[in-house]
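*Asks:* sequence and predicted structure below; questions after.
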Amino acid sequence: MPSSSGPAIENLYSEQRTFPPPADFAERATIGDPAVYDEAEQDVEAWWASHAGALRWTKPWDTICQWDPPFARWFDGGQLNVSDNCVDRHIDDGHGSQVAYYWEGEPGDTREITYHQLRDEVCRFANALKDLGVAKGDRVNIYLPMIPELPVAMLACARIGAIHSVVFAGFSSQSLVDRIEDADAHVLITADGAYRKGNVVPLKESADRAMSSTDKVTTCVVVRRTGDDVEMTEGRDHFYDDVVDGQSAECPPEPMDAEDVLYILYTSGTTGKPKGIVHTTGGYLTQVAATHRLVFDLKPDTDVYWCAADIGWVTGHSYIVYGPLANRATSIMYEGAPDHPGKDRFWEIVDRYKATILYTAPTAIRAFMKWGAELPAKHDLSSLRLLGTVGEPINPEAWMWYHEHIGGGTAPVVDTWWQTETGAIMITPLPGVTASKPGSAMTAFPGIRAVVVDEQGEAVAPGGGGYLTLQRPWPAMLRTIWGDEERYRDTYWSRFGPDIYFAGDGAKLDDDGHVWLLGRVDDVMNISGHRISTTEVESALVDHPKVAEAAVTGRADEMTGQAIAAFVTLRSGEDPSDELAAQLREHVAERIGKIARPANVLFTEDLPKTRSGKIMRRLLKDIAEGRELGDVTTLANADIVDEIKTRSDSAKAEEQ
Ligand code: ATP
Ligand code: MG
């Protein structure tokens, strides 16, 4: 009989395939020797200090790490400026004419911005912000689409010591209000509009609605992107062009303490009220630079790096703006949707700029799978030498597809686990060292201590499943939740004690001790006393050649406590049928065990996703249990929910 004292989370899925780095990749890799892990372990502080030392400090630090759980201070006593490190330093080293961003707008317009031009823009806008009364420590809200003024605005804030809070441009005016109020921000930077899938999103209208329901904002700067007429409120609203016009391109960077706040970023809110995650200056920049350089094996002179996320998410903060710029990368920045005007827009971009590194999310990869391998095959993707993924567990078959159809069967894939809270990559292969397994994030980055524990907080042995924890401070860690220290302690540092960070994700170790992320702890299902992760069942479904994407959830069941309800999207050209549903249920049973066989399979064109592209299982659970739906306002594709609900209700009616 199953008992409740079984494993915290079952380990059902096993994967035998491994992909060592190709010999020529390993030979040229910045790190090609696994000894780096031991080196870092022997003296963790020295390891991080060596990376901090690669930055430009205007005053050296006194201590490397002070750990007063759950509060850490890194490089205390030191001073530096993030914008100086991201821009001026490279110009001083003679690289001012190197391209920082190849920017491409969704309509097809392009801009090329060198480090030199970037500095001039940043300085002009920084001076404009000062003229508008922005001072060190003030919070500035940034609500911009993916246009060059977005990184410029972030760097301008960093230059004068203002704290930015970027709000994803796809968020509603209410989300903007919540964030403005929480951060007590008096300045808002936005744009007239944004392009999305060929349409104009009226961003200023949304900002206006926000500003009419809070009286916090006294100054609003409006970037002209679409050129459409917008309402401007006298005394409050200013066009970006007007405020930077005539400003000096010199603005001395403000010396910042290592522990001064660089930014606040609210987590996407997949699980409840958004939390204002606070990141500081020295440790954050150290770890984003180190991980960006080593995980992506960045060669600043030759690589063309593309992180296809939105800067509104932490991935964009750390791996479009701060990490790449600190490392003098040449990046691609793309404004729009992957399927506009065609579903091969990404591959056209890779080909045109000869991108060498691509970093994207499993949700995008599964969409590409659904759309078909013919699309990337039409373009020359041979420039790509390294691929990355982040945001959700990647199903092994999606990993394989990415490796084969985008990476030409040779480019290593780095599956990087981290969170808004961690600030930077924490668990990941090192591409010149690690023999990766499809679907596994593999190993903690050197210097990071990631431990999978059971209910009691004891480390699980290889083969075991449980909860992911981090058991040592790291430079880019969140310092608190803005204005809510208690919530900081409660959320992250109470489950297993005040010095153990609880990530909220399930994880397991395979027999070799490699880490597999199993999705959110809240999503774990309980079938006859077996705690089963959504991830493993979904991966078993995606393992079937006709399936592109799958989500499962546990719905209440009289017999088994919960039963698994599966929602499946097929690859293009495949048709749903009762036979296929039966086949898929059987496929899961064979692949990972009968206990994980879905009770039912519902086919759907798409799955409900957050705006950052993550599957929202909580809504699927509401649907599967026939409940009224919870909050759908944070969904990227709210329509699909009604459609799935209708289908689910009619399937249930048929059963009866
Ligand atoms: P909220 O915390 O508000 O619910 P969120 O967790 O979606 O939002 P993020 O910080 O952007 O916000 O996402 C971090 C989460 O994404 C991780 O906790 C994990 O669940 C998931 N994740 C990120 N990268 C990976 C990865 N490589 N493998 C598995 N899961 C990942
Ligand atoms: Mg989270």
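*Replies:* Now that the structure is in, tell me what you want to look at. Ligands and ions are numbered 1, 2, ... in the order given.
*Asks:* which parts of stretch 77-89 are buried?
*Replies:* By 16 or more other C-beta atoms under 10 Å, the buried positions in stretch 77-89 come out as 78, 79, 80, 81, 82, 83, 84, 85, 86, 87, 88, 89. Every residue, glycine included, has its C-beta placed from N, CA and C.
*Asks:* closest to residue 363 out of those?
*Replies:* residue 86 (28.6 Å; C-beta to C-beta).
*Asks:* helix, strand or coil for that closest one?
*Replies:* Secondary structure, DSSP: H, G, I helix; E, B strand; the rest coil: residue 86 is helix.
*Asks:* who's in contact with it?
*Replies:* 155, 158, 321, 322, 325, 326 (C-beta atoms under 8 Å, 6 or more residues apart in numbering).
*Asks:* and these, which is closest to residue 175?
*Replies:* Nearest to residue 175 among the contacts of residue 86, with distances taken as C-beta to C-beta, is residue 321, at 21.0 Å.
*Asks:* rewinding a little: of the contacts of residue 86, list those near ligand 1.
*Replies:* Contacts with ligand 1 within the contacts of residue 86, counted by C-beta under 6 Å from any ligand atom: none were found.
*Asks:* and the residues you listed, which of them are in strands?
*Replies:* Counting by DSSP state E, no part of the contacts of residue 86 is found in strands.
*Asks:* narrow those residues to those in helices?
*Replies:* 155, 158, 325, 326 (DSSP state H).
*Asks:* now the third one: closest residue in space, sequence neighbours ignored.
*Replies:* For residue 325, ignoring the flanking residues on the chain, the nearest one in space by C-beta to C-beta, 6 or more residues apart in numbering is residue 86 at 3.6 Å.
*Asks:* taking the stretch 101-250 of the chain, what residue is nearest to ligand 1?
*Replies:* residue 168 (10.6 Å; C-beta to the nearest ligand atom).
*Asks:* that residue is in contact with residue 611, isn't it?
*Replies:* Yes - counting by C-beta atoms under 8 Å, residue 168 touches residue 611, with 6.3 Å between them.
*Asks:* can you pull the contacts of the residue lying closest to residue 345 once chain neighbours are set aside?
*Replies:* Setting aside the residues directly before and after it, residue 345 is nearest to residue 338 in space (C-beta to C-beta, 6+ apart), at 5.7 Å. Shown in contact with residue 338 (C-beta under 8 Å, 6+ apart): 308, 345, 346, 364, 367, 368.
*Asks:* thinking again about what came up before, on the three-state scheme, the residue of the stretch 101-250 of the chain closest to ligand 1 is what?
*Replies:* Per three-state DSSP, residue 168 ends up coil.
*Asks:* in the stretch 501-650 of the chain, which residue sits nearest ligand 1?
*Replies:* Taking C-beta to the nearest ligand atom, the stretch 501-650 of the chain has residue 517 as its residue nearest ligand 1, at 3.4 Å.
*Asks:* which of the three states applies to that residue?
*Replies:* Using three-state DSSP, the structure places residue 517 in strand.
*Asks:* burial count for the nearest residue to it once chain neighbours are set aside?
*Replies:* Once flanking residues are discounted, residue 517 sits nearest to residue 393: 4.7 Å by C-beta to C-beta, 6+ apart. Using other C-beta atoms under 10 Å, residue 393 has 27 other residues around it.
*Asks:* up against ligand 1, what does this protein have?
*Replies:* Near ligand 1, when you scan the chain using C-beta under 6 Å from any ligand atom, you find 267-271, 313-314, 390-393, 415-417, 419-420, 441, 503-505, 517, 520, 612, 614.
*Asks:* and for the host helix or strand of residue 370, what's in contact with it?
*Replies:* Using DSSP states H and E, residue 370 sits within helix 362-371. By C-beta under 8 Å, 6+ apart, the residues outside helix 362-371 that reach it are 308, 338-339, 343, 346, 375-376, 389, 391-395, 398, 401-402, 405-406, 542, 548-549, 569-572, 609, 613-615.
*Asks:* at 6 Å instead, please
*Replies:* Residues outside helix 362-371 that contact it (C-beta atoms under 6 Å, 6 or more residues apart in numbering) are 343, 389, 392, 394, 398, 401, 402, 548, 549, 571, 572, 613.
*Asks:* how far does the helix or strand of the chain with the lowest mean pLDDT sit from the chain's center?
*Replies:* Ranked by mean pLDDT, DSSP states H and E, the weakest helix or strand in the chain is helix 638-655, scoring a mean of 83. A distance of 31 Å separates the centroid of the chain from that of helix 638-655, by C-alpha atoms, centre = their mean, to the nearest Å.
*Asks:* again with stretch 336-348
*Replies:* 20 Å.
*Asks:* distance of residue 638 relative to residue 645?
*Replies:* As judged by C-beta to C-beta, to the nearest Å, residue 638 and residue 645 stand 11 Å apart.
*Asks:* just give the nearest non-adjacent residue to residue 474, would you?
*Replies:* residue 448 (5.7 Å).
*Asks:* can you pull the pLDDT of the one you found?
*Replies:* Looking at residue 448, its pLDDT is 98.
*Asks:* element containing it, please.
*Replies:* Applying DSSP H and E, one finds residue 448 in no helix or strand.
*Asks:* I'd say it and residue 427 touch.
*Replies:* No - counting by C-beta atoms under 6 Å, residue 448 stays clear of residue 427, with 7.3 Å between them.
*Asks:* circling back to that earlier point, which SSE is the residue nearest to residue 517 in?
*Replies:* Judged by DSSP H and E, residue 393 forms part of no helix or strand.
*Asks:* could you list the domains of the chain?
*Replies:* Residue ranges for the domains of the chain, per automatic domain parsing: 1-42+260-520, 120-254, 528-655.
*Asks:* so which of the residues of the chain next to ligand 1 sit within helices?
*Replies:* Using DSSP H, the subset of the residues of the chain next to ligand 1 located in helices is residue 314.
*Asks:* so which of the residues of the chain next to ligand 1 sit within strands?
*Replies:* 415, 503, 504, 505, 517, 520.
*Asks:* highest neighbour count among these?
*Replies:* The most crowded member of those, judged by other C-beta under 10 Å, is residue 415 (26 neighbours).
*Asks:* could I get the pLDDT score of that residue?
*Replies:* On the pLDDT scale, residue 415 gets 98.
*Asks:* without its sequence neighbours, what residue ends up closest to it?
*Replies:* Distances taken as C-beta to C-beta, 6+ apart put residue 441 closest to residue 415, at 4.7 Å, once the chain neighbours are dropped.
*Asks:* now that neighbour: phi and psi?
*Replies:* Dihedral pair for residue 441: phi -80, psi -10, per degrees, to the nearest 10.
*Asks:* for the stretch 251-400 of the chain, what spans make up the strands?
*Replies:* With DSSP state E, counting those that start in this stretch, the ranges of strands along the stretch 251-400 of the chain come out as 256-257, 261-266, 276-280, 305-307, 331-334, 357-360, 386-389.
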